[in-house]
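Student: Below is the sequence, then the predicted model.
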Amino acid sequence: MAGSTRWCAPRLPTTEDSDVAVRRPRGDARRRSLTGRQMNELYGYLEALLKREGCDNTHRFTREFLESSGLAVEPELAWMRHMGGWCDCEVYVNVAWADWD
């Protein structure tokens, strides 16, 4: 989708989202293992890819970043969902934007 940026519509948790449906962290959603530096790198990574390709309502880019960084993908995604990161653009806007150092 070169030349335009597509952002998804924000989505609220549903009962199908189990742990995070009521916005209470459970299990691995209670904490993250990314360092502040990794969070800042994720922000830059998402910024570049979302500007170029837009959001497809998945964690495609976030998952790629976590895998390439050698991090446990599902626990990190659980934490990001708890923080409002339901897809790549929401991770970018709600989670990764902060200065985590």
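Tutor: Ah, there it is.

Student: ok, now which ones touch the closest residue to Leu46 other than its chain neighbours?
Tutor: In space, and not counting its chain neighbours, Leu46 is closest to Tyr92: 4.3 Å by CB to CB, 6 or more residues apart in numbering. For glycine as for every other residue, the C-beta is placed from the backbone atoms N, C-alpha and C. Applying CB atoms under 8 Å, 6 or more residues apart in numbering to Tyr92 gives the contacts 43, 46-47, 50.

Student: Can you flag the buried ones in the residues you listed?
Tutor: Taking 16 or more other CB atoms under 10 Å as the criterion, what is buried in the contacts of Tyr92 is 43, 46, 50.

Student: Checking the first one next. Helix, strand or coil?
Tutor: The reference is to Tyr43. Three-state call for Tyr43 (DSSP: H, G, I helix; E, B strand; the rest coil): helix.

Student: I'd say it and Ala96 touch.
Tutor: Yes - counting by CB atoms under 8 Å, Tyr43 does reach Ala96; the two are 4.0 Å apart.

Student: how deep is Glu74 tucked in, by neighbour count?
Tutor: A total of 10 residues lie near Glu74 under the criterion other CB atoms under 10 Å.

Student: any idea how far it is from Val95?
Tutor: 16 Å (CB to CB, to the nearest Å).
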